[in-house]
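Undergrad: Structure for the following, please:
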Amino acid sequence: MRRNLAARIGVWSTHHRKTAILGWLLFVVLAAGIGGASGMVEMTNAENGAGDSARAEQILSDAGLSHRAGELVMVSSAEPNGWRTAARELTAALGETGEVTGLAAPVASRNGKDALITFEMKGDAATASDRVQPVLDAVEGVQEQRTDVTVQQFGDASAGKWLGDLLSDDFKKAEFTAVPLALGILLVAFGAVVAALLPVGLALTACLAAFGLLSLASHQLHLFQTTYSVMFLMGFAVGVDYCLFYLRRERDERAAGRDAETALRIAAATSGRSVLVSGLTVMVAMAGMFLSGLLLFKGFAIATIIVVFIAMMGSVTVLPALLSWLGDRIDAGRVPLLNRRSKRGTKKESGRIAGKLLRPVLSRPKLFAAASVVVLLVLAAPALGMKTEELGLEKQFGSQSELAVAYRDISEAFPGGPAPAQVVVEADDIGAPGVRKALDGFDKVAVHRAQNVAEIEIPLPHGESDLTELREKRLPAAFDGTGARAYVTGEVAGSTDFNDQLKRGILPVFLFITAVTFLVMLFCFRSYVIAVTAILLNLLSVAAAYGVMVAVFQHGWGASLIGSEGVGAIESWMPLFVLVVLFGLSMDYHVFVVSRIREAHGRGLSTPAAIDEGIRRTAGAVTGAAVIMVAVFAVFGTLSMQDMQQMGVGLAVAVLLDATIVRMVLLPSVMALLGERNWRTPRGLSRLPAPDHSEPEPEPGPAADPVVTGVRG
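TA: The predicted structure follows:
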């Protein structure tokens, strides 16, 4: 009988298991070791931006005028001018650190109760957070000695150190929480310690190897600092899921009375094939992020493609080899009351609960299809008012964090202070009379004659409205006819330009991933009906996830229940990221479930009967996989950073809805309504070899086939 690619790989692995297992371990060690030694290269401000703001950053970088890390320290007193002694002591303490430059005299606020001290960190801004501790100690020392004033600090270096420490702590929290959670869920699902450890171990080794390869890749494609967190999130969830699908099918076949060799061959030909198809779909969908025009998403794309590819290959190569080696020892460490498998290898029929839930759905498909669509659309409704922005650090950490309070208080006392616009002026001759006259019209100007570049700092007390006026009116009026070119950068400008690029990039990305999903499903199942259905169901899941994210994190509805708060906007990169990830991840369930339905239909069952059997047979695996994904994503929803919370909750909600309402109600009801039309093959594909969704027949093996070595009973 003809074997598909997954079956051939699985059979090879079981017959060469020592090579497969040792080869995997060697690959992981080499990838992690070489990648760890090379280190990761982070993107610069210019690389992370778009539009005029990125151009401004690039001009400064090319001229060797990259930003120094700026810092603001505000001293506040109950009475006007009550801050003077403390400000004088603070200025002296800051100077003694030897780490600061451009230390300016204190500037009083309008009411005289506050004073702002500005300075910059010496050296490269990229490493300023590593050298800012003496400055933080100096500020804290003055605050401890002067109880009559309040001292608050905000700046690039201090916020960068805070962020770095927080990300490190959060990543450890995610790793040490997600892994035990997944292990516990798998322990309940399989009832045996070894069976639970296997998927977790493979997923972790896949992530470890991917970390190393990503570090190597970062030397060519620079990365954002949260890319490793995104990789771990995706890799661990996908790696466990792929192994779970494979292992669950192998155990089901063993429970049905198959010998070890046949069970592994069937699992490889069916679940292994589904893993390859879904993994390929995820990787190609992730490649759509390259069309966004932003380096951030290119980094996310390469990270997820690497980790999904490694997890996929591990599931179809080293996993069958390990299963062949373990044999019945996969059930070692049985947990009382959890393991339902008897010593004879049989177990209770799976999917009984799913069958009971499915019965009314298949008997009244119109009602349940309409009801599930209504539920998803209601959840999606808040997304109509979605607002996106590049969340500043003051919003990332929560309104009551020390950093956010300092930012807010400084902004109120000195409007536009923490987030001013920086205008970069480039000219053939920066000293030309016309250019010099235009520069004289601004207050804070730094002219770099050797590079023919000037920098202007302009407060933006009203944010985007002031930025629009600056770009469209004030700068053109000042520099038109001078031959100089002016570009605006800074926090507000960078966020605005980033959002504008996202709006331009989301359409080509959306068209790409929908086209890819359609083509993969079309060639996988040779049915345009199934392909279109998959896209529509994915869109409903994504829309519902958007709605929940907006409700919780933009409007703050129920945010306190998860230890978060509404910040009035969604992180600008989140909608596109969630769209791509969910289109990819949902194919795990969709391919796995529809393949089982197609398999049953290929044996001669009617479409309703095939739906019933396919859903019931996959219910346990889909439920287990969904619970693990939801748990892992939910862990990220508890982290400190607002964008990590949004990503975790958005993905967790989407996967939960996808595995319950979509796969258990909407998919079977829609397929039942479509009937035999589900399997319509386009004429152009009718001559292609039909994909094999059936179980392979048992094949005679050699008397001492290595597949059964280690099997007991």
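
Undergrad: roughly how far apart are Ala268 and Asp252?
TA: Distance of Ala268 to Asp252, given as CB to CB, to the nearest Å: 14 Å. (Each C-beta comes from the backbone N, C-alpha and C, glycine too.)

Undergrad: Those two: who's more crowded?
TA: Ala268 (31 against 20; other CB atoms under 10 Å).

Undergrad: Now do the more buried one against Gly568, distance only.
TA: Per CB to CB, Ala268 is found 51 Å from Gly568.

Undergrad: and if you look at Pro320?
TA: Distance of Pro320 to Gly568, given as CB to CB: 50 Å.

Undergrad: Could you do Gly10 as well?
TA: From Gly10 over to Gly568 the distance is 51 Å, taken as CB to CB.

Undergrad: So if I had to pick from those two, which one is more boxed in?
TA: When Gly10 and Gly568 are compared for neighbours, Gly10 comes out ahead with 31 against 13, by other CB under 10 Å.

Undergrad: surely that one meets Thr270?
TA: No: under the criterion of CB atoms under 8 Å, Gly10 makes no contact with Thr270, lying 10.3 Å away.

Undergrad: Quickly find the element holding Tyr487.
TA: strand 485-489 (DSSP states H and E).

Undergrad: by contact count, what packs against that strand?
TA: Counting contacts by 3 or more CB pairs under 8 Å, 6 or more residues apart in numbering; DSSP states H and E, strand 485-489 packs against helix 51-62, strand 421-426, helix 475-479.

Undergrad: which parts of the last one are buried?
TA: By neighbour count, with 16 or more other CB atoms under 10 Å as the criterion, the buried positions of helix 475-479 are Leu475, Ala478, Phe479.

Undergrad: okay, the residues you listed in a markdown table with distance to Thr97 next?
TA: Formatted as a markdown table, the buried residues of helix 475-479 follow (distance: CB to CB, whole Å):
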| residue | distance to Thr97 |
| --- | --- |
| Leu475 | 37 |
| Ala478 | 38 |
| Phe479 | 39 |
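
Undergrad: Now tabulate these in a markdown table and tack on pLDDT.
TA: Formatted as a markdown table, those follow (pLDDT from 0 to 100):
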| residue | pLDDT |
| --- | --- |
| Leu475 | 90 |
| Ala478 | 89 |
| Phe479 | 89 |
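
Undergrad: Closest one of the residues you listed to Gly648?
TA: For the buried residues of helix 475-479, the closest approach to Gly648 (CB to CB) belongs to Leu475, at 40.7 Å.

Undergrad: Quick one: neighbours of the residue nearest to the closest one when sequence neighbours are not counted, just the number.
TA: Spatial nearest neighbour of Leu475, excluding adjacent residues (CB to CB, 6 or more residues apart in numbering): Ala486 at 4.7 Å. With neighbours defined by other CB under 10 Å, the count for Ala486 comes to 23.

Undergrad: remind me which residues of the stretch 401-550 of the chain are low pLDDT?
TA: Within the stretch 401-550 of the chain, the stretches with pLDDT under 70 are 416-419.

Undergrad: How far off centre is the host helix or strand of Lys172?
TA: Applying DSSP H and E as the criterion places Lys172 in helix 156-190. Centroid separation for helix 156-190 versus its chain: 14 Å, with CA atoms, centre = their mean, to the nearest Å.

Undergrad: quick one: buried residues of that helix?
TA: For helix 156-190, the neighbour count (16+ other CB under 10 Å) marks 156-163, 166-167, 170-171, 174-175, 177-179, 181-183, 185-187, 189-190 as buried.

Undergrad: which strands and helices sit next to that helix?
TA: Using 3+ CB pairs under 8 Å, 6+ apart: helix 156-190 touches strand 70-77, helix 128-131, helix 133-145, helix 193-217, helix 227-255, helix 393-396, helix 402-413, helix 607-637.

Undergrad: Recalculate using a threshold of 6 Å.
TA: helix 128-131, helix 193-217, helix 607-637 (3 or more CB pairs under 6 Å, 6 or more residues apart in numbering; DSSP states H and E).

Undergrad: and Gly505, which of those is closest to it?
TA: helix 193-217 (21.3 Å).

Undergrad: List the contacts of the residue nearest to Leu475.
TA: Counting by CB atoms under 6 Å, 6 or more residues apart in numbering, Ala486 makes contact with Val423, Val425, Leu475, Phe479.

Undergrad: circling back: closest one of the buried residues of helix 475-479 to Gly431?
TA: Lowest distance from Gly431 to the buried residues of helix 475-479 (CB to CB) belongs to Phe479, with 14.6 Å.

Undergrad: So that closest one sits against Ala438, correct?
TA: Yes: counting by CB atoms under 6 Å, Phe479 does reach Ala438; the two are 5.2 Å apart.

Undergrad: Name the residues of the helix or strand hosting Leu323 that come out as buried.
TA: Applying DSSP H and E as the criterion places Leu323 in helix 318-326. Neighbour-count burial for helix 318-326 flags Val318, Leu319, Pro320, Ala321, Leu322, Leu323, Ser324, Trp325, Leu326 (criterion: 16+ other CB under 10 Å).

Undergrad: If you count contacts, what does that helix end up packed against?
TA: helix 5-15, helix 17-38, helix 227-255.

Undergrad: Which secondary structure element of this protein has the lowest mean pLDDT?
TA: Within the chain, no helix or strand scores below helix 393-396, which has a mean of 74 by mean pLDDT, DSSP states H and E.

Undergrad: Send over that one as CSV, restricted to the C-alpha atoms.
TA: Extracted in CSV, the C-alpha atoms of helix 393-396 (Å, rounded to 0.1, in the frame of the first residue of the first chain):
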residue,chain,number,x,y,z
LEU,A,393,6.3,52.2,29.1
GLU,A,394,4.0,54.2,31.4
LYS,A,395,1.0,52.1,30.1
GLN,A,396,2.9,48.9,29.8
